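Engineer: Let's see this in three dimensions:
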Amino acid sequence: MRRAETSVTGARGTGTSILVGVATLLCVATLLPLAALIVSAFAGSTDAVAHYASTVLPQYILNTVTLVIIVAVLATTAGVSSAWLVTMCRFPGREIFSWALVLPLSMPAYVSAYAYTYLLSHPGPVQTGLRNVTGWGPHEYWFPDIRSLGGAAFVISMVLFPYVYLMARTAFLQQSASAFESARIMGRSPWRAFIGVAVPLARPAIVAGVALVVMETLADYGAVSFFGVQTFTTAIYRTWFSLGDRTAAVQLALVLVSLVLLVVALERVGRRGKRFSEAGRPFRGLHLSGWRAGLAVLACTLPVALGFLVPVLTLVGLGVSLDVSWLDARTTGLIANTVTLATVGAIATVSVAVVIAYARRLSGGRMTQALGQLASFGYAVPGAVIAVGLLIPFGAFDRWLHHLMMATFGFGTGLLLTGTIAAVVFAYVVRFLAVSLNGVEAGMARISPSLDSASRTLGAGQGRTFLRIHAPLLSGGLLTAFLITFVDIMKELPATLILRPFNFDTLAIRANRLASDERLAEAAVPSLMIIAVGLIPVVLLSRQIARTNRRRGEVSAADASAIEVIASGEAKPDEVAPSVPA
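Structural biologist: The predicted structure follows:
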């Protein structure tokens, strides 16, 4: 498939050079946390890490790897099977499931963890009802412990499987019917044709989705911390803030970054030279009836129920049980802090993404094309690692400036960067720049380079061309990128928890603190508010999916871009073969 032409050749000049220079500096700035980690890790003593290596480090590695494997398997199973059913089969409720399977994306893993802990713990309604029905005593039966590694894997996989579902569904929609029908003519059953033909053709998409799931699992702090599972993210936080060993925390963070880079490298190797299947004649679908239709409905209902409906209904019940106002003065203040922080962070992130995307459009050089790869790196790094990486240079700068002012003017400046909103916003830009960049570049890919050429012919400069032509055409993509970044920032917990100013709380931090104190009923209210806001981009994506269904399986460039944005990180919009709507 021919790669989409998005760069504008011949657009060289002083303005372009300045723009490329600014974009380069911004991308280099996103690497500041990693550079600080590397320098600090090799400059400090390795005694603490050597001690960890002989004591708890093997357990951290085992827990982290085990968690990643279980989550990847569960998410792949749920995502691929549901994507195949709603795309290639016809059964009652298929159109509803096609967008309902995206709903768990609005659910943070730590919020789902709070709900399931209340629901399945010993004093919770499930076990209490079981004892009431059977008459068993507390020690007369066995019940799986939700606050365990297996429980964490279950909760995380049920909120992350939509990444795999979206990517696999996009690939299945674009597969030609001829390949599947040829397998059927050769005597293969639908199941064998699915395993032997459809899944291999969709493998690049599935690998991309699984890579996103793995990276999100490595980055998770809220759920694993609440369940008491010792992974690298919880170890980094505990080592820095509980034990006060900054050097060991930095070295542990560098080990985690190495694991993330390994995942990214494996994902790129798995997709090297491959593209999603180009759409041909759309597949009409297998009509299911009877018990087969019932199984299909059950297979699609379970992920939606376990990943979204059960946690939401549980939290609503908890919130109602409080019998207090959900919008008291404190909650209103938390909402204001959260919305303000998310708005500022999203605007900053989208603005940086626009600069980088426009620089890449105007210049086709290797360096500028590599900017996107550099800018996307932060999405693969856990928030806790980015926060630790920023504390090092920001703290060093604050100390240097304080001592300089004391020696020169006799008064100090204190902390100007550390523990400020600016530090938190910087971390958000590093963490979520890939999300905004993919959205902006998806929009720019749909703007013909001939418009730039025509504008230059009429004497307009690059700035005027962007304001008069690109900005209006990008308005929808910019809004989508802003909303998704806004919600991601709202759900981000570890970076906000580490870098926030003193006595500055958000809905996520408040929910985490209440849940850590086992005040789950009170944690339900801020948790539900996070979910409510998180539904906004999911609803937008669901509308795109519904529109796709009305086109009988054809995926337009806009639909593919929306799916890529919501599942952003590694897959690029031009790797999805756009089809032309009828």
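
Engineer: Any idea how many residues pack against residue 400?
Structural biologist: 10 (other CB atoms under 10 Å). Every residue, glycine included, has its C-beta placed from N, CA and C.

Engineer: Per-residue confidence, it, what does it come out as?
Structural biologist: Model confidence at residue 400, given as pLDDT, is 90.

Engineer: so where's the stretch 451-582 of the chain shaky on pLDDT?
Structural biologist: Regions of the stretch 451-582 of the chain meeting the criterion pLDDT under 70 cover residues 451-464, 467-470, 541, 543-582.

Engineer: Now do the contacts for residue 60.
Structural biologist: By CB atoms under 8 Å, 6 or more residues apart in numbering, residue 60 lies in contact with 52, 230-232, 235, 252.

Engineer: rerun that using 10 Å as the cut-off
Structural biologist: 52-53, 230-236, 252, 255-256 (CB atoms under 10 Å, 6 or more residues apart in numbering).

Engineer: what does the model give residue 433 for pLDDT?
Structural biologist: Confidence at residue 433, expressed as pLDDT, is 88.

Engineer: what about residue 311, how many residues close to it?
Structural biologist: The burial count for residue 311: 28, using other CB under 10 Å.

Engineer: Sorry, wrong one. I was asking about residue 344.
Structural biologist: 16.

Engineer: Could you do residue 57 as well?
Structural biologist: 17.

Engineer: For the spatially closest residue to it that is not a sequence neighbour, give me the pLDDT.
Structural biologist: Residue nearest to residue 57 in three dimensions, not counting chain neighbours: residue 49, with 7.5 Å by CB to CB, 6 or more residues apart in numbering. Looking at residue 49, its pLDDT reads 72.

Engineer: name the element residue 49 belongs to?
Structural biologist: helix 47-54 (DSSP states H and E).

Engineer: What is that helix packed up against?
Structural biologist: Packing partners of helix 47-54 (3 or more CB pairs under 10 Å, 6 or more residues apart in numbering; DSSP states H and E): helix 57-88, helix 246-270.

Engineer: Now do the longest one, average pLDDT.
Structural biologist: Looking back up the chat, that one is helix 57-88. Mean pLDDT, helix 57-88: 92.

Engineer: any idea how far residue 333 is from the residue nearest to residue 57?
Structural biologist: 41 Å (CB to CB, to the nearest Å).

Engineer: what residue lies at the spatial centre of this structure?
Structural biologist: residue 216 (6.2 Å; CA atoms, centre = their mean).

Engineer: what's the domain layout of the protein?
Structural biologist: Domain assignment for the chain, taken from automatic domain parsing, gives 9-42+329-505, 44-123+144-320.

Engineer: Now residue 141: phi and psi?
Structural biologist: Dihedral pair for residue 141: phi -150, psi 160, per degrees, to the nearest 10.

Engineer: The one 5 residues further on now?
Structural biologist: With angles defined as degrees, to the nearest 10, residue 146 sits at phi -70, psi -30.

Engineer: tell me, how many neighbours does it end up with?
Structural biologist: For residue 146, the count of nearby residues is 20 (other CB under 10 Å).

Engineer: out of everything not next to it in sequence, what's closest to residue 143?
Structural biologist: In space, residue 143 is closest to residue 127, 5.8 Å off (CB to CB, 6+ apart).

Engineer: Ok, residue 412 next?
Structural biologist: residue 402 (4.4 Å).

Engineer: Quick one: residues contacting the one you found.
Structural biologist: Counted by CB under 10 Å, 6+ apart, residue 402 has contacts 411-416.

Engineer: now the strands for the stretch 201-350 of the chain?
Structural biologist: Using DSSP state E, counting those that start in this stretch, the strands found in the stretch 201-350 of the chain span residues 286-287.

Engineer: show me where it has helices.
Structural biologist: For the stretch 201-350 of the chain, the helices defined by DSSP state H, counting those that start in this stretch cover 203-219, 222-227, 232-237, 246-270, 290-304, 310-322, 329-362.

Engineer: got JSON lines for those, with distance to residue 116 and mean pLDDT too?
Structural biologist: Below are those laid out as JSON lines (distance: least, CB to CB, whole Å; pLDDT from 0 to 100):
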{"stretch": "helix 203-219", "distance to residue 116": "17", "mean pLDDT": "85"}
{"stretch": "helix 222-227", "distance to residue 116": "9", "mean pLDDT": "92"}
{"stretch": "helix 232-237", "distance to residue 116": "18", "mean pLDDT": "86"}
{"stretch": "helix 246-270", "distance to residue 116": "26", "mean pLDDT": "79"}
{"stretch": "helix 290-304", "distance to residue 116": "15", "mean pLDDT": "93"}
{"stretch": "helix 310-322", "distance to residue 116": "7", "mean pLDDT": "90"}
{"stretch": "helix 329-362", "distance to residue 116": "23", "mean pLDDT": "88"}
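
Engineer: Nearest to residue 102, out of those helices?
Structural biologist: helix 290-304 (9.2 Å; CB to CB).

Engineer: quick one, phi psi at the closest residue to residue 64 other than its chain neighbours?
Structural biologist: Leaving aside its sequence neighbours, residue 64 sits nearest to residue 231 (CB to CB, 6+ apart; 4.6 Å). Torsion angles at residue 231 (phi, psi; degrees, to the nearest 10) stand at phi -120, psi -180.

Engineer: residues in contact with residue 231?
Structural biologist: Contacts of residue 231 (CB under 10 Å, 6+ apart): 59-68, 149, 152, 217-218, 220-221, 223-225, 256, 382.

Engineer: ok, the residue nearest to residue 252 when sequence neighbours are not counted - contacts?
Structural biologist: Closest residue to residue 252 apart from its sequence neighbours, by CB to CB, 6+ apart: residue 236 at 5.2 Å. Shown in contact with residue 236 (CB under 10 Å, 6+ apart): 60, 221, 248-253, 255-256, 382, 384-385, 387-388, 494, 498.

Engineer: now swap in residue 474 and tell me
Structural biologist: Residue 474 makes contact with 354, 357-358, 439-440, 442-444, 446-447, 466, 481, according to CB under 10 Å, 6+ apart.

Engineer: Quick one, which of the helices and strands packed on helix 47-54 gets closest to residue 312.
Structural biologist: Residue 312 lies closest to helix 57-88 among the helices and strands packed on helix 47-54, at 18.0 Å (CB to CB).

Engineer: The helix or strand just after the closest one pairs with which strands, parallel or anti?
Structural biologist: Following helix 57-88 in sequence order, the next helix or strand is strand 89-90 (DSSP H and E). Strand 89-90 has the following sheet partners, assigned by DSSP bridges: strand 286-287 (parallel).

Engineer: Quick one: mean pLDDT over the strand it pairs with.
Structural biologist: Mean predicted lDDT for strand 286-287 stands at 80.

Engineer: before we move on, what about stretch 167-175?
Structural biologist: Averaged across stretch 167-175, pLDDT comes to 78.

Engineer: Kindly report the same for stretch 129-145.
Structural biologist: 88.
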